[in-house]
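J.: Sharing a model that was predicted from the sequence below.
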Amino acid sequence: MQEQGDQVLEPESPTPVPEITPEPVVPSPLDSDAEEAPKPSRRLRKVLVWIVGLVILFAAGVLLSWMLQVRPQAAQIARQESEILSAQEQIELLNDEVQGLRPLSEQNSQLREELFSANAHLDLLNVLVDVTTAQLALVQEDDIAARAALSGTDVRLTALESTLEGADAVAVGEMGGRLQLVLEEVESDSFAARRDLEILANNLLALERVLFGE
């Protein structure tokens, strides 16, 4: 009994705590998508920036072409049409004067010459309008409109040639040949057609200066 009373109680050993092994973290598919999402977004922004840049460049090119080619030629057409109206008014006035001065043969003859010259000038201006309109159509890459603008030009050149004499008539005949060349080039070679139309327009302007002092 004494031994039991003298027995030293040993402290109880702590209960062992089981080790917890951390489980490997498996990336969620949603997390992966969230990380990769910005990449296509950045590429899309770059593509949009390029598209906007190309659109701006194209618009700037169209505006520059309009300012350098379309606008001046449109103004030239308007100026030539104004000259045609002026010539037509002059012809009407001369016709009225001719009718009123029939008994006065000398003055009547002079008026007839002026009327003849005014008609020739009108034919030349009409040809110039045709050529300038065709130039404008080719700048806008409209072959059909260019051909339509030149549909009656050959007849006008023939009428103009019949009113002139000597070197002037020969020059107008050569213009008719160049016109036929342009009509052949309109659909097959737009650049060549534009070049020949420019030559034709310059020749017509030079002839106008010689004949009518314009």
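T.: Cool, the structure landed. Residues are numbered from 1 along each chain as shown.

J.: same for the helix or strand Val131 falls within, what does it pack against?
T.: Using DSSP states H and E, Val131 sits in helix 105-139. With contacts defined as 3 or more CB pairs under 8 Å, 6 or more residues apart in numbering; DSSP states H and E, helix 105-139 has these neighbours: helix 71-100, helix 143-149, helix 153-163, helix 166-188, helix 190-212. C-beta coordinates here come from the backbone N, C-alpha and C atoms, glycine included.

J.: elements contacting the last one?
T.: Using 3+ CB pairs under 8 Å, 6+ apart as the contact criterion, the secondary-structure elements in contact with helix 190-212 are helix 105-139, helix 166-188.

J.: contacts for it?
T.: Identification of contacts with helix 190-212 by CB atoms under 8 Å, 6 or more residues apart in numbering yields 117, 120-121, 124-125, 127-128, 131-132, 134-135, 138-139, 141, 143, 146, 164, 168, 171-172, 175, 178-179, 181-182, 185-186, 214.

J.: Let me see the backbone angles for Glu165.
T.: Note on Glu165: backbone dihedrals following degrees, to the nearest 10 are phi -140, psi 160.

J.: What of Asp189?
T.: phi -150, psi 90.

J.: got the contact list for it?
T.: Counting by CB under 8 Å, 6+ apart, Asp189 has no contacts.

J.: any idea how far it is from Ile199?
T.: 15 Å (CB to CB, to the nearest Å).

J.: residues in contact with the residue nearest to Thr158 when sequence neighbours are not counted?
T.: Using CB to CB, 6 or more residues apart in numbering and skipping residues adjacent in sequence, the residue nearest Thr158 is Gly176, 7.0 Å away. By CB under 8 Å, 6+ apart, the contact set of Gly176 is 154, 157-158, 161.

J.: Mind giving me the ChimeraX command for buried ones among those?
T.: Selection of buried members from the contacts of Gly176 for ChimeraX, criterion 16 or more other CB atoms under 10 Å:
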select :154,157,161
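
J.: Just send the contacts of Gly176 back as CSV, with distance to Leu44 and pLDDT too.
T.: CSV is the format used below for the contacts of Gly176 (distance: CB to CB, whole Å; pLDDT from 0 to 100):
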residue, distance to Leu44, pLDDT
Asp154, 57, 92
Leu157, 59, 92
Thr158, 63, 91
Glu161, 65, 90
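
J.: could I get the contacts of Gly176 as a markdown table with distance to Asn95?
T.: Listed next are those as a markdown table, based on distance: CB to CB, whole Å:
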| residue | distance to Asn95 |
| --- | --- |
| Asp154 | 27 |
| Leu157 | 24 |
| Thr158 | 23 |
| Glu161 | 23 |
